[in-house]
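> sequence? don't have it. structure:
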């Protein structure tokens, strides 16, 4: 078996492990070139790992800022128990699931509101910036409290909510190991850092200075051509 044949055989085994269905978008983008598609697969993983850092800090910063703002507004840590501040049925369901998870994880041990806050998903916090359906989050949360956190934003609540929804979608794609190479990742990074700057300018500055995403984005062409090594 020649070296070329051995390489082709190795590529085939890798694709089998990945699964042909999962690999198809990469193969299609690379015009059927399996070696190049495997490089793209590796680069996609590399950029997803790099993006996790600003997305993690965006999620945690948003969660903590919204929570503190609502605690200040309603005068108690469990602000969601205040009748006029209760989320809609979807939000209540997410709160119930957070409590159930904590009860399963630590039976017979009490938990505090801060434990519930840490358990709630990014989707819960982003939803507080949405319309809220019949519960009218614009009046319940935005006008009364949350808009004060976003004084630098000029597009209104709906525009802000859409931007956070884009970040939630990206975060979930990465969390579920779905490909991201087809997205406009430079724009995604710009949006993530813009939103992060609203809730934590200091954290945004930190990512501007030390973030790895720009370097990974710049590597794409060289990784696909084989000029630079893959990083797994």
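Here it is on my side, so go on. Since the model is a prediction, treat every value here as computed from it, not as a measurement.
> Go through the protein and flag its longest helix.
Counting by DSSP state H, the longest helix found in the chain is helix 34-74.
> Please identify the buried residues of the helix or strand that that one is followed by?
Secondary structure here is assigned by DSSP states H and E; on that basis, the next helix or strand after helix 34-74 toward the C-terminus is helix 89-105. Residues of helix 89-105 classed as buried under the neighbour-count rule (16 or more other C-beta atoms under 10 Å) are 91, 94-95, 98, 102. Just so you know, the C-beta spots here come from the backbone N, C-alpha and C atoms, and that holds for glycine as well.
> list the helices and strands the helix or strand following helix 89-105 packs on?
Toward the C-terminus, helix 89-105 is succeeded by helix 113-119 as the next helix or strand (DSSP H and E). The elements that helix 113-119 packs onto, with contact taken as 3 or more C-beta pairs under 8 Å, 6 or more residues apart in numbering; DSSP states H and E, are helix 34-74, helix 89-105.
> Which of those helices has the highest mean neighbour count?
When the helices and strands packed on helix 113-119 are scored by mean count of other C-beta atoms under 10 Å, the highest mean neighbour count falls to helix 34-74 (a mean of 19).
> how about the helices and strands packed on helix 113-119, which one is nearest residue 134?
Set against residue 134 and scored by C-beta to C-beta, these come closest in helix 89-105, at 9.4 Å.
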